[in-house]
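1. I'd like to go over a predicted model; first the sequence, then the structure.
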Amino acid sequence: MSPVPAATRYDPSQFNPEHNSKTESGAFTISKENRQQAKYPEFLPTWNPNQKFPPLEFFEFHDKGLLADANLSNLFPKNGNHQVKSVTPKLGSEVKGVQLSQLSDEAKNDLALFVAQRGVVIFRDQDFSSYGPEFAVNYGSYFGPLHIHPTSGSPEGFPQLHITFRGASKKELESAFESRTNNIAWHSDVSYELNPPQITFFSVLEGPEAGGDTIFANTVEAYKRLSPALQARLEGLHVLHTAEDQADINAAAGGIVRRSPVSNIHPLVRQHPVTKEKHLFLNREFGRKIVELKEEESDALLEFLFTHVEQAHDLQLRAKWEPNTVVLWDNRSTVHSAVIDWDTPSLRHAFRISPQGERPVEDVKHLNDPNYLAEKYSSIRR
Ligand SMILES: O=C(O)CCC(=O)C(=O)O
Ligand SMILES: [Fe+2]
């Protein structure tokens, strides 16, 4: 079974006993010093050891992108004042002149289609974060039930928001490289869930002037680049994804585990319900084993596929954050990593909204089938 990757071992959801203090309700939060510096205190993380959530259950999901206008005319009206340009030919668009907070439901449907088509969309000059956590939660809920992360910190009262927070101390910066030569950790978010997230919103509220970018890779293109012979061999294989290590690491660091960790099996090659494109669905952080293969075979094949996606800069992009940027990604057909490279002491504070999507399927004919893979589950010792 693949070993727990270095980046997963290092990063217990930013829970850091050195900078955490307690709120009035007994939850951990960041230090007073960091709280005083933060420009968006309503989005600061808390970790409440008493908060517990029941296991997630399978649900049917119908992507809003399927309701979109094929010409995206609600998102980009004919006489609108918007500019859209591709970041790279294979992945990503950058948009100016569209205010996410003001979109109608019809325009949100187009947004879901556009993000599915482009993989990553970078929206500049947004007022989205100024409306606070409640607005963010309501907005994201349009696209699907919001995922509550099992180990992350979140603003009090808004467990659906996943907060990324790094303090501004020199020690914190240096600790990033104490035991690793780099901090790159390619993944798609919480792929161990039965219905992992689809369209995902990420807003960096404040961050360093240079650095702290987020990198993305396109797993549709990564699949297309493989030879037909290898593509055919990958069909019908399934990967075991697990939350166990993340839970253990957080518990060991004194953090929280607010939902019991799960393991699930998903197809290695997945079909997208909106674009109908096939893509690799892999995850260096949570994907541990190809269940149909022996251990050494699985390790070698997974390592080949991870390296293929991670080295192919010709199917990747690097999103640069400016004040008031919101980035949306398709958490099914892309993988991403934070880039923790800044060396001036500055806060980096971000929030993520993760609407859950369909249970991954190798062919959309299985979409929303509650018995999908039932036989395989019963035959696998996990
Ligand atoms: O901090 C970043 O740039 C990305 C963090 C991340 O992987 C996430 O929130 O899903
Ligand atoms: Fe992520």
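-> Here it is on my side, so go on. Residues are numbered from 1 along each chain as shown. Ligands and ions are numbered 1, 2, ... in the order given.
2. does Ala116 touch Val274 like I think?
-> Yes - the criterion here is CB atoms under 8 Å, and Ala116 meets it with Val274 at 4.2 Å. In short, each C-beta sits where N, CA and C put it, glycine included.
3. now for those two: what residues contact both?
-> Residues touching both Ala116 and Val274 by CB atoms under 8 Å, 6 or more residues apart in numbering: 63, 65.
4. list the contacts for Pro345?
-> 168-170, 173.
5. where does it fall, secondary structure wise?
-> For Pro345, there is no helix or strand it lies in under DSSP states H and E.
6. between the two ends of stretch 274-291, what distance do you get?
-> From its first residue to its last, stretch 274-291 covers 27 Å (CA to CA, to the nearest Å).
7. buried residues in it, which are they?
-> Buried residues in stretch 274-291, counted by 16 or more other CB atoms under 10 Å: 274-275, 277-291.
8. now the helices for this structure?
-> 6-10, 32-37, 105-118, 132-141, 170-175, 219-224, 228-234, 244-252, 295-311, 374-379 (DSSP state H).
9. adding mean neighbour count, mean pLDDT and distance to Gly80, write those out as TSV.
-> Listed next are those as TSV, based on neighbours: other CB atoms under 10 Å; pLDDT from 0 to 100; distance: least, CB to CB, whole Å:
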stretch	mean neighbour count	mean pLDDT	distance to Gly80
helix 6-10	16	55	41
helix 32-37	14	88	38
helix 105-118	21	98	10
helix 132-141	17	98	20
helix 170-175	14	78	42
helix 219-224	22	98	28
helix 228-234	12	98	40
helix 244-252	18	93	42
helix 295-311	16	98	35
helix 374-379	10	85	47
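10. need phi/psi at the residue in the chain sticking out farthest from the centre.
-> Distance from the centre of the chain peaks at Asn79, with 33.7 Å (CA atoms, centre = their mean). The phi/psi pair for Asn79 (degrees, to the nearest 10) reads phi -100, psi 20.
11. that one and ligand 1: what is the separation?
-> 35 Å (CB to the nearest ligand atom, to the nearest Å).
12. how many neighbouring residues does Lys365 have?
-> 8 (other CB atoms under 10 Å).
13. count of residues packed around Gln99?
-> Neighbour tally, Gln99, other CB under 10 Å: 12.
14. show residues contacting the longest strand belonging to the chain.
-> In the chain, taking DSSP state E as the definition, the longest strand is strand 199-206. Residues external to strand 199-206 that are found in contact with it (CB under 8 Å, 6+ apart): 38-40, 43, 111-112, 115-116, 126, 128-129, 136, 139-140, 143-144, 189, 212, 214, 321, 323, 325-331, 346-355, 357.
15. same deal with stretch 354-361?
-> 56, 58-59, 61, 63, 140-147, 149, 160, 162, 189-190, 193-201, 266-267, 270-271, 273, 281, 331-332, 367-369, 372.
16. just those that are near ligand 1?
-> 162, 189 (CB under 6 Å from any ligand atom).
17. taking the contacts of stretch 354-361, please make a PyMOL selection of just the buried ones.
-> In PyMOL syntax, the buried subset of those is picked out as below (16+ other CB under 10 Å):
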select buried, resi 56+61+63+140+143+144+145+146+147+149+160+162+189+190+193+194+195+196+197+198+199+200+201+266+267+270+271+273+281+331+332+367+372
